[in-house]
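Colleague: Predicted model, plus sequence, below.
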Amino acid sequence: MQFQKEVEKALKKAGVKKIKLEKPPNPKFGDLSFPCFEIAKGKNPSEVAKEIAEKVKPTGLIGKVVPMGPYVNFFIDSKKFAKKALKEILKPNFGKGKRKGKALIEHTSINPNASPHVGRARNALIGDAITRLLKFYGHQTEVHYFVNDVGKQIAMLVYATKELKGKPKFEDMLKHYIEINRKVIENASIEREIFELLEKLESGDKKTIKEFEKIVSICVKGQTKILGELGIKYDYFDYESKFLKSKLLKDILETFKKKRKLKQAEDGRTVLDLSEFNLPMREPYLPLTRANGTSLYALRDIAYNVYKAKKVKKGKNIVVLGEDHKLEFQQIKAALSILGHKAPEVIHYSFILLPEGKMSTRKGNVVLLTDFMKEAVEKAKEEILKRNPDIAAKELEKLSKVIGYGALKYSILRVSPDKNVIFEWDEALNFEGNSAPYIQYTYVRSKRILEKLGRIKQPKDILVNDIETELIKKIAELPSIIESTARDYSIHKIAHYAYELANLFNNFYETSPIISEKDENKKMTRALIVKVYKNTIKNVLWILGIDAPNFM
RNA sequence: GGGCCCGUAGUUUAGCUUGGAUAGAAUACAGCCCUGCGGAGGCUGGGACCUGGGUUCAAAUCCCAGCGGGCCCA
């Protein structure tokens, strides 16, 4: 950052007025470059670049100024830079943000109907990583899970399990769910009975409420146990049923009415007029209540968002939603704006598909998260045993989860959220190259070196070669990466950054011996690099929810 | 019928917001390093911007149209 300022100053001194710097595509071209197309004005830009380069004298962090075609390239003085950067990076809170306000993150919020599949997991993984990122950035985070406990899906499960002896098991819910879906298609009268159950629930029938609660509790417990196994935690479970009869609903309807936004539909439903928002709906009306006055999902969703908005006030308010909720979110946002509330910031992600097509819980063609977890741990076990045949069973258990779950999370988080992911086992269980185990391995390497090395003395002189400088530069990027990701929530950039770091470290590892290095200054400089690498990569992995193992 | 997102080596992907140099990686493939700080590694090689227009000194990037995939709207 300071380098950039110095370059700008130097260019100004050389008489350049419009300064727009860019990062060269290749480190061979320097660290910053100034393209001369715009200021050339008819002259040959290469000539202009030459003239400017001659006028600029290297001072401070600027080591070299070289014209290269139509560009003036600025090279950083690597020795001065390394010294300065290492000092900065060695500070204990390097990369972490200062204390900031509250951040409310709602994620997962899947229907409590069955064991989650990997598509659903994408939501939870993205949400969890964003939570960690914001925590690292200095926010006080609180994680919310909106439980849709009054929907048709729960009613179906209540119906499907009511004849069962004993308490239904979570593991069987998917089976029940698939079965009841099939039955409903075959027999329409079942669907009517299911709707009757819902009506009973909403009218406050105690027995029905109990039955729903039983199923929801089993499902929520089952789901959060699985997600908890992956280290994903929630601070609040917000139940939709709590909003069924809340005063909030009345207040909201009242406000809409005052603003003349309510209409009566022909079938008696009350709808919200959203025509001023130009949303891509056939009819710009959002149904809020039934003819009998009871609330519909949209109204409860609005109420929930009002509740959240009031809770954060000035802080961040974030929600992770699948791409199927894009329009729905626009509607909620519009409704909130009528009410004078700010909508949450939303992160959408595309679905995970199977090679043979879409996943469908209803039809049962899904890859369950639990199966993915099991396979990943199995594969990790195999790989660990290849390398450590004598490992104790307990250690193996623990380590295989660290590696297996790491690989699982990374395989999903590394992809930009607006791309569909086609789930393929080989791809997802890749432990080589661009994968979590590759990155984890560099952590183990760095840790082992430091253990063997013992005490690190501050070197009198910092001596670095090109590869070492590249690594330091990459580590020094952490704060700006954190900042920009905390702004746009594109968590895959963190994954990408982790891989780049690890890649440069492996490069460094191959070419810069440490233990055997005779030159004490070089040795200790390298030791410092290993130290800061180890801390940095650990932090970056932590943001992704991936543990750094002590050996593997 | 309408709206939104995506399309980059055989496969998976970064880059697109803010146009700029030789489009960056992984995997697979061909080969090398193999008694070294732990090879889940390093090095070398070939291989890609969906199609057609437009804007621009300059387009993977911006605009328009088409094609293909995903999501949604009663």
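Modeller: Sure thing, it's come through. Everything numeric in this text was worked out from a predicted model, so none of it was measured.

Colleague: CA only for contacts and neighbour counts going forward, please
Modeller: Fine.

Colleague: interface residues of the stretch 1-150 of chain A facing RNA strand B?
Modeller: A:22-25, A:28-29, A:32-35, A:37-38, A:68-69, A:71-73 (C-alpha under 7 Å from any atom of the strand).

Colleague: Just the buried ones out of the residues you listed, please.
Modeller: Neighbour counting by 16 or more other C-alpha atoms under 10 Å classes A:24, A:29, A:32-35, A:37, A:69, A:71-73 among those as buried.

Colleague: Could you list which of these belong to strands?
Modeller: Per DSSP state E, strands hold the following members of those: A:32-35, A:71-73.

Colleague: Show the contacting residues for A:K493.
Modeller: A:414, A:481, A:485 (C-alpha atoms under 8 Å, 6 or more residues apart in numbering).

Colleague: how near is the closest residue to the last one other than its chain neighbours to A:I403?
Modeller: Closest residue to A:T485 apart from its sequence neighbours, by C-alpha to C-alpha, 6 or more residues apart in numbering: A:I491 at 6.5 Å. Using C-alpha to C-alpha, to the nearest Å, one obtains 20 Å as the distance from A:I491 to A:I403.

Colleague: what about the nearest residue to A:F94 once chain neighbours are set aside, neighbour count?
Modeller: Nearest residue to A:F94 in three dimensions, chain neighbours excluded: A:E88, at 7.1 Å (C-alpha to C-alpha, 6+ apart). Neighbour count for A:E88, taken as other C-alpha atoms under 10 Å: 14.

Colleague: what sits opposite A:T289 in the beta ladder?
Modeller: A:T270, A:S295 (DSSP bridges).

Colleague: Can you get me a residue count around A:P549?
Modeller: Neighbours of A:P549 (other C-alpha under 10 Å): 18.

Colleague: typo on my end, it should be A:T442
Modeller: 22.

Colleague: did I read that right, it in a strand?
Modeller: No. Counting by DSSP: H, G, I helix; E, B strand; the rest coil, A:T442 is not part of a strand but helix.

Colleague: From A:E427, how far out is it?
Modeller: In terms of C-alpha to C-alpha, A:T442 sits 21 Å off from A:E427.

Colleague: do the same with A:S189
Modeller: 45 Å.

Colleague: try A:G119
Modeller: 15 Å.

Colleague: and A:Y497, helix, strand or coil?
Modeller: Per three-state DSSP, A:Y497 ends up helix.

Colleague: any idea which helix or strand comes after the helix or strand bottoming out on mean pLDDT in chain A?
Modeller: One helix or strand of chain A scores below all others by mean pLDDT, DSSP states H and E: helix A:37-40, with a mean of 86. Downstream of helix A:37-40, the first helix or strand assigned by DSSP states H and E is helix A:45-55.

Colleague: What residues of that following helix count as buried?
Modeller: A:45-50, A:52-53.

Colleague: Quick check: the two most widely separated of these?
Modeller: A:P45 and A:A53 (12.1 Å; C-alpha to C-alpha).

Colleague: Could you give the bridge partners of A:V421?
Modeller: Bridge pairing for A:V421 - DSSP bridges - gives A:I352.

Colleague: I'd like the secondary structure assignment at the residue of the stretch 251-400 of chain A found nearest RNA strand B, please.
Modeller: RNA strand B sits closest to A:D324 of the stretch 251-400 of chain A, with a gap of 2.9 Å, by C-alpha to the nearest atom of the strand. Assigned with three-state DSSP, A:D324 falls in the helix class.

Colleague: Could I get the contacting residues of it?
Modeller: Per C-alpha under 8 Å, 6+ apart, neighbours of A:D324: none.

Colleague: measure it to A:F136 for me?
Modeller: When A:D324 is compared with A:F136 (using C-alpha to C-alpha), they lie 30 Å apart.

Colleague: same deal with A:D461?
Modeller: Taking C-alpha to C-alpha, one finds A:D461 at 33 Å from A:F136.

Colleague: Same drill for these two, tell me which one is more crowded.
Modeller: A:F136 (23 against 13).

Colleague: Spatially nearest residue to the more buried one, not counting backbone neighbours?
Modeller: A:K96 (5.5 Å).

Colleague: What count of nearby residues applies to that neighbour?
Modeller: Neighbours of A:K96 (other C-alpha under 10 Å): 18.

Colleague: Report the distance from the least confident helix or strand of chain A to the chain centre.
Modeller: Its chain's average C-alpha position is 41 Å from that of helix A:37-40, according to C-alpha atoms, centre = their mean, to the nearest Å.

Colleague: who does that helix touch, helix- and strand-wise?
Modeller: Here helix A:37-40 is seen to pack against helix A:45-55 when contacts are counted using 3 or more C-alpha pairs under 8 Å, 6 or more residues apart in numbering; DSSP states H and E.
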